[in-house]
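1. Pasting a predicted model and its sequence here:
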Amino acid sequence: MTITFYRNTSDTNVVDKEITKAFTASFVGVLREESSILAPVITLQASADSFASCNYAYIAEFDRYYYIEDIAAIRNNLTQISMRVDVLMSYKTQIRASSALVKRNAYSYNLKLNDGSLATYADGYALAYPFSGGFNTTQFVLIVAGGG
């Protein structure tokens, strides 16, 4: 198992985090106990003081980024690190590749979509079809559908 520790300076709601490596090398080891993929608790043979500047991690085998929730010194040179998955950074490629209909955002919006925050336009929508034989009689049939 390979764990890379980082210092994260971005907010939690940012997809692409600004992270810098906390150590020049990654920690490599073997998983000896069962572990959650979403909220792993990893025990490392290292001083708890060395992780003081770390608040973010990446576990290559899980292919996920994690927020470091807690760093606990178990005993001399043995540290337990509790983490929780950062869904936005872990799945940023899939999030950026997805398409969506956004009703409203802070910068632009569509006044024809009613989101309850702004007054919207109530434009009518009409379809007109020409008669195939033209208007050469005195009787007409008018049909209105979907009126309100």
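-> Here it is on my side, so go on. Residues are numbered from 1 along each chain as shown.
2. so what's L31 up against?
-> Contacts for L31 were tallied using Cβ atoms under 8 Å, 6 or more residues apart in numbering; they are 1, 61. For every residue, glycine as well, the C-beta is placed using N, CA and C.
3. Report pLDDT for it.
-> Model confidence at L31, given as pLDDT, is 81.
4. now it: how far from V144?
-> Using Cβ to Cβ, to the nearest Å, we find L31 at a distance of 69 Å from V144.
5. Apart from its chain neighbours, what residue comes closest to A48?
-> A73 (3.7 Å; Cβ to Cβ, 6 or more residues apart in numbering).
6. burial of the one you found, as a residue count?
-> Using other Cβ atoms under 10 Å, A73 has 13 other residues around it.
7. thinking it is in contact with T79, fair?
-> Yes: shown here, A73 and T79 form a contact pair, counting by Cβ atoms under 8 Å, at 5.8 Å.
8. okay, and the common contacts of the two?
-> 47-48.
9. Pull out the buried residues from the longest strand along the chain.
-> Across the chain, the longest stretch assigned as strand under DSSP state E is strand 64-75. Within strand 64-75, the residues that count as buried by 16 or more other Cβ atoms under 10 Å are 64-68, 71.
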